[in-house]
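Trainee: Starting from these lines, generate the structure:
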Amino acid sequence: MASSPNFWQRMIHRHAPSREEVLKSPWLKPFGSRIRHSELWRFTRRSVPRAVFAGVFVGIFLMVPGLQIVGAALLAIPMRANIPVAAGMTFLSNPLTTPFFLGAAMEVGSRIGFQTDLAAFYALRGKSVAQWMSWLLSDAAPALVSGLFLIGLVLALIGYFVSLVGWRWWIARKWRQRYAR
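Mentor: You can find the predicted model right below:
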């Protein structure tokens, strides 16, 4: 006796593109048959935690909204991780959480020995790309970059292990329900 799909399963099935629709995209042609491997699209006990790791790490470290999903998908390919999960996990960093991640990254970077200039960083709001690039080449940028790297790595490892435990719990729950019938 199969259980009926819940609300979220119906919404995803109705609105999300199918694997075939995604693979028809002209943007994916440079990757050839490599992106067509089924292990990149299936939900397995190995691919999901890897995808959580890739998505969380890229989502926090990259901090550029359009590039986060692309970066997570590109990292998911050599890791043999689930691409949709990796792309979805990048949304952990969003406009509400970004200021906290940036502030924490500057703090972490300064604690490990890099010079931090918060005033110059906050002055970049609304500035041009050229001004951002010149700041990235300054002495203060390594604090932000190293802080984002460390925070992204730690949260990605935590997400990896939480998803491993969550996967095992979910499978054990399904087996208990199966035995109860």
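Trainee: Need the pLDDT of the residue nearest to the spatial centre of the chain.
Mentor: The chain has Gly55 as the residue nearest its centroid, 1.8 Å off, counting by CA atoms, centre = their mean. Note for Gly55: predicted pLDDT of 96.
Trainee: Likewise for the one 3 residues further on?
Mentor: As summarised for this prediction, Val58 has a pLDDT of 96.
Trainee: Would you agree it is in contact with Ala76?
Mentor: No. With contact defined as CB atoms under 8 Å, Val58 does not count as touching Ala76 (9.0 Å). Quick note: C-beta positions are derived from backbone N, CA and C, even for glycine.
Trainee: Check the contact lists of those two and give me the overlap.
Mentor: Common neighbours of Val58 and Ala76, using CB atoms under 8 Å, 6 or more residues apart in numbering, are Ala86.
Trainee: Where does the closest residue to the residue nearest to the centre of the chain other than its chain neighbours fall, secondary structure wise?
Mentor: Residue nearest to Gly55 in three dimensions, not counting chain neighbours: Met89, with 2.5 Å by CB to CB, 6 or more residues apart in numbering. If you go by DSSP states H and E, Met89 is part of helix 83-89.
Trainee: Does anything pack onto the host helix or strand of Trp175? Which helices or strands?
Mentor: Assigned by DSSP H and E, Trp175 belongs to helix 141-180. Applying 3 or more CB pairs under 8 Å, 6 or more residues apart in numbering; DSSP states H and E, one finds that helix 141-180 contacts helix 47-62, helix 98-111.
Trainee: Enumerate every residue touching the residue nearest to Ser93 when sequence neighbours are not counted.
Mentor: Excluding its sequence neighbours, the residue lying closest to Ser93 (CB to CB, 6+ apart) is Gly59, at 4.6 Å. The contact partners of Gly59, taken as CB under 8 Å, 6+ apart, are Gln68, Ala72, Met89, Thr90, Phe91, Leu92, Ser93, Gly152.
Trainee: Closest one to Glu107 out of these, please.
Mentor: Glu107 lies nearest to Gly152 out of those, by CB to CB, at 14.6 Å.
Trainee: and the gap between the closest one and Gln68?
Mentor: Between Gly152 and Gln68 the computed distance is 11 Å (CB to CB, to the nearest Å).
Trainee: so what's in contact with those two at the same time?
Mentor: Val58, Gly59.
Trainee: and the gap between the residue nearest to the centre of the chain and Val154?
Mentor: 15 Å.
Trainee: just Asn82 next, same as before
Mentor: Per CB to CB, Asn82 is found 22 Å from Val154.
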